[in-house]
Structure formats: structure tokens, C-alpha cells
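1. Curious how this folds, go ahead:
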Amino acid sequence: MVPVAVTVADDADLATVVPALERAGMAVEGVLAALGVVTGTVPAEGVFALRRVPGVVHVERQRQVGLPGV
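-> Next comes the predicted model:
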């Protein structure tokens, strides 16, 4: 599973897009309604399926950044 952030179109209904993302294989972890962003995880091969969900503008893989020894 890879962490992703999905940007939703301003005119899209999050109440419709979020279940569609889940049907496309995303495990939704957070909905930032004010920003129009949905966060969660998806199998690596499922990233492209999220891009085809109506109302989705952009899908970005999230990267983890850490400091050595922390």
C-alpha cells in the first residue's frame, strides 16, 4: 500500500467522490473538506484507477521524510 493525497475538483461533491475512491480501492484515512483533499492508502497498482474517478483532479503519492536517529 502506498500513501496518497487526492485533490478533488472545486465543483465536485465529496460525499460522492469519497465512496467512489473507496470502490476504486482506496482506504480513506482523512477528508480535508476545506482543501478538497482526501488522504489514504491504495495498492501501488491502484493509483491509476483513482485518477479515473469522476471529480478527481490529481493523485499524488506521498513521501515520508525523516531524520536519521529520530
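2. How about residue 59, nearest residue that isn't a chain neighbour?
-> Closest residue to residue 59 apart from its sequence neighbours, by CB to CB, 6 or more residues apart in numbering: residue 50 at 4.8 Å. The way it works is simple: take the backbone N, C-alpha and C, and place the C-beta from them, glycine included.
3. for the record, mean pLDDT for the helix or strand where that neighbour lies?
-> Assigned by DSSP states H and E, residue 50 falls within helix 47-51. Mean per-residue pLDDT for helix 47-51: 95.
4. Which residues are in contact with the residue nearest to residue 59?
-> When contacts are counted by CB atoms under 8 Å, 6 or more residues apart in numbering, residue 50 touches 4, 6, 21, 24-26, 42, 56, 59.
5. again with residue 53
-> When contacts are counted by CB under 8 Å, 6+ apart, residue 53 touches 17, 20-21, 24.
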